[in-house]
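Colleague: Sequence and predicted model, in that order:
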Amino acid sequence: MSQEKVLEALVGLGLEKLDAQVYIFLGKRGPQKGKEIIKALKISRQHLYPILKNLQNKGLVSATLEYPARFSAMPFEKTLDMFVNMKLEEAQQLQHGKAEILLNWKKISVAEMSDQSPRFTIITGRKHIYARLKQMIEDTKNQISIITTVSSLVRAEQFGLIDAALDHFSEAKPQFRFLIQLTDENLKAMKLFLARMSQAKPNFQVRSPTLTQKSFSRMFIRDNAEVAFFIDNEINVNRETQIDNTCLWTDSKDLVNSFTALFEDLWQKGTDIQKRTVEIETGKPSPRTVVIKNGDEAKKKYEEIMSSAQKNIFMTTSSNGLIECWNDRTQNNDWIKKGIYARIMAPITKENINAAKQLMKICDVKHVPEGYVETTIIDKQHLFQFNAQIRRKETLQSMSYFENTIYTNDAQYIEKTENMLNNIWENAQSPSPHTFETIIQQPISTNNPVELNVFDEYRTEFNKILGLRYKEEPTQGKIVESEVLRKIAEAVRVPAKNPEKDTLRIYGRMGTVIIYPPKKLNLPNLMFQICCANKNSSFGVSNSLAISIQTNIADQQSYLQTAFITDNPKGYNFRKAMLKNQHTAETVYLFNKNKLAVQSSSNGLFAGWTVPIPLLSEKYILPPANLIFEGSGEIRTYSTELKGLLNRRLIYEFNCLEAFVTFMLPSSRYYGPATDGLLYRECIITSYPPSTLKEAVMSE
């Protein structure tokens with residue numbers, strides 16, 4: 001009877017009956033595999049996994065990263081607290097009945113067992129996200145570190161996070177640190193928040209990132225033990241439908257350390273919130289720092305001081321801004337005539353790569369991702385910062401671009417800003433002449449058709465990795481974006497075991513990037529391919545990581561694949577069979593799911609691994625690291641066909657975006673941008689044995 005009352009209570013709180021039964025079963029039995037749940041509750045696999053996914057999204061169930069995964073229920077008392085947080089309007093009634101429900105729960109002797117394996121969970125929906133954040137606050141013993149926005153603080157107030165923090169501060173004394181971008185528009189709301197938190201002031205600190213720092217996504221770090229990381233940018237949130245961002249939660253030690261290092265770096269460079277408040281409140285133009293609201297006035301002042309430059313110019317700009325710098329021939333000639341040392345940082349794309357190469361003849365140019373405030377420092381005496389809210393679709397001739405320009409000749413502020421830009425410069429990358437396109441177009445020797453050179457074989461593999469046809473542009477226009485989406489939606493799994501006989505098909509998402517690590521990391525230039533395959537792929541759900549190193553082949557730069565890692569045993573065996581009797585430097589590894597993690601969002605991809613990976617027989621060791629892909633630009637849809645290992649025919653169908661990629665090495669406290677990345681948001685890869693290709697194509 002007691003179990004029935006618990007079940008009835010969970011259903012009353014909003015769970016479906018079958019969902020509640022699965023939760024109770026996990027609460028009673030502890031961590032269980034899927035097949036054990038199916039057997040005990042006598043439900044089908046097709047019904048169980050959507051239920052587990054739903055419970056995970058609500059934060060009520062977590063899964064280990066091993067294969068097969070084991071599922072655990074959140075302790076029942078915490079589950080009740082989460083429901084209370086999600087239903088604030090019913091909080092009084094729920095709290096009143098909490099004791100009775102707990103009494104019934106104890107009568108069925110629930111064994112709340114914990115699982116210590118690293119976990120990854122995607123949480124969606126504001127109620128579920130803020131409930132998890134509140135639980136993290138209540139579990140804090142030493143320190144909470146948060147990167148957020150003022151609008152997020154308002155929502156946190158609505159969902160009870162501020163009350164939870166104040167209540168917790170009254171009992172414990174953890175340190176509470178916020179990084180919040182403070183502006184004139186959000187100053188009033190921020191002051192109200194600071195007043196509310198004044199009672200926790202001894203352990204409460206707020207700083208504002210400097211305007212030159214990249215706008216990082218929101219994150220929530222507790223006691224260096226767990227982190228909640230918002231994958232999507234807040235500007236993409238649809239406020240009308242009240243759908244919040246997707247949140248990635250993990251307690252993986254390596255990933256938590258990585259995000260903690262990022263926070264500490266931003267924290268050390270931030271400005272105390274009180275000082276920043278005074279700067280905004282003064283508002284009066286002064287000889288030291290002014291906000292020039294009028295676009296004409298700001299443009300005139302900028303051009304006058306730029307033309308008076310004598311020694312050096314340091315600039316961060318946009319991809320379009322870089323093109324405009326090259327097109328301003330009068331300015332370029334002036335730099336040459338005066339011998340001015342100019343440095344420019346901007347996102348390097350295929351549209352501006354030629355302008356970047358031309359500018360490199362007269363100044364230094366490096367690549368940074370989008371997101372940095374556009375800044376110009378002239379002779380270390382003048383600093384301009386332009387409107388961060390305006391995307392650089394505007395040109396230098398547009399007055400709206402110059403509106404609300406910040407100008408200062410404050411030597412202390414300029415020095416601090418330049419030091420931060422120098423740190424960014426050190427981690428930034430120079431544009432590489434060896435982009436995907438130039439590598440693919442390199443000729444392949446065909447003098448000896450009998451003995452295939454290992455590097456020639458690899459270059460064919462490289463073409464396969466990028467999904468491009470050798471010596472040809474991709475075949476475009478034969479398919480459209482909706483067709484790729486339809487094929488993925490209607491996909492039926494085609495198992496594969498024998499590379500010489502079976503057709504292999506992968507459905508999912510891929511990211512490909514070239515990384516140029518700084519010399520201090522003692523790593524060669526690297527190319528990564530991340531693949532996240534769905535359940536309808538030949539091997540089922542799987543993640544894979546292919547790593548190649550740059551090498552010199554016949555006086556030309558190319559890439560040699562040296563490591564292939566997967567978390568799927570079937571995929572591992574298939575890959576090993578493909579490489580049997582092949583001349584290749586590649587080594588294949590099978591990782592447990594707690595060693596390799598891949599997560600995707602709408603236009604993003606996250607990958608991380610927690611163990612070192614040998615490259616070229618341990619000549620190089622790649623430490624645990626993370627890659628974050630952020631897709632941008634317009635979708636390109638195309639199909640392409642080529643030949644791969646074992647003379648297999650490969651057909652690729654992609655919806656592709658250009659990608660900005662951030663590479664993180666926690667052990668070296670390094671995070672920096674890549675210069676050349678692609679995100680295959682949807683991809684279908686089909687590999688046919690030669691004997692079946694014609695029949696397969698005809699049947700489709």
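Modeller: Thanks, I have the structure now.
Colleague: Let's verify the spatially most central residue of the chain: helix, strand, or coil?
Modeller: Compute the mean C-alpha point of the chain, and by C-alpha atoms, centre = their mean the closest residue is I628, 3.4 Å away. State at I628, reduced to three classes by DSSP: H, G, I helix; E, B strand; the rest coil: strand.
Colleague: how close does it sit to L26?
Modeller: Computed as C-beta to C-beta, to the nearest Å, the I628 to L26 distance reads 32 Å. Just so you know, the C-beta spots here come from the backbone N, C-alpha and C atoms, and that holds for glycine as well.
Colleague: Ok, L545 next?
Modeller: With distances taken as C-beta to C-beta, L545 is found 31 Å from L26.
Colleague: ok, N594 touching E66?
Modeller: Yes - shown here, N594 and E66 form a contact pair, counting by C-beta atoms under 8 Å, at 6.0 Å.
Colleague: intersection of neighbour lists for the two?
Modeller: Shared contacts of N594 and E66, defined by C-beta atoms under 8 Å, 6 or more residues apart in numbering, comprise S117.
Colleague: Can you list the low-confidence ranges for the stretch 101-250 of the chain?
Modeller: 106-116, 169-172, 199-202, 210-216, 232-245 (pLDDT under 70).
Colleague: run the last query once more with 90
Modeller: For the stretch 101-250 of the chain, the stretches with pLDDT under 90 are 101-144, 148-219, 224, 228-250.
Colleague: For it, just list every one of the helices.
Modeller: Shown for the stretch 101-250 of the chain, the helices assigned by DSSP state H, counting those that start in this stretch span residues 126-139, 150-158, 161-171, 187-196.
Colleague: V368: which of those helices is closest?
Modeller: helix 150-158 (25.3 Å; C-beta to C-beta).
Colleague: helices or strands next to that closest one in the packing?
Modeller: Here helix 150-158 touches helix 126-139, helix 187-196, going by 3 or more C-beta pairs under 8 Å, 6 or more residues apart in numbering; DSSP states H and E.
Colleague: What is the burial count for the residue lying closest to L153 once chain neighbours are set aside?
Modeller: Once flanking residues are discounted, L153 sits nearest to F193: 5.4 Å by C-beta to C-beta, 6 or more residues apart in numbering. Neighbours of F193 under the rule other C-beta atoms under 10 Å: 21.
Colleague: pretty sure Q3 contacts I24?
Modeller: Yes - in this structure, Q3 is within contact of I24 by C-beta under 8 Å, at 6.7 Å.
Colleague: For those two, indicate the residue with more neighbours.
Modeller: I24 (21 against 15).
Colleague: Verify the stated contact: that one with L7.
Modeller: Yes - counting by C-beta under 8 Å, L7 is a contact partner of I24 at 6.3 Å.
Colleague: can you tell me how far S258 sits from F230?
Modeller: In terms of C-beta to C-beta, S258 sits 16 Å off from F230.
Colleague: How about Q143?
Modeller: Counting by C-beta to C-beta - Q143 and F230 are separated by 20 Å.
Colleague: which of these two has more neighbours?
Modeller: The residue with more neighbours, out of Q143 and F230, is F230; 22 against 15, by other C-beta under 10 Å.
Colleague: what sits against the more buried one?
Modeller: 217-219, 245-248.
Colleague: What about the residues you listed, which are in strands?
Modeller: Among those, the members found in strands (DSSP state E) are 219, 247-248.
Colleague: Save those residues as a markdown table, and put in distance to E490 and neighbour count too.
Modeller: Converted to a markdown table, the ones in strands among the contacts of F230 look like this (distance: C-beta to C-beta, whole Å; neighbours: other C-beta atoms under 10 Å):
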| residue | distance to E490 | neighbour count |
| --- | --- | --- |
| M219 | 37 | 20 |
| C247 | 30 | 25 |
| L248 | 29 | 21 |
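Colleague: Sounds good, over and out.
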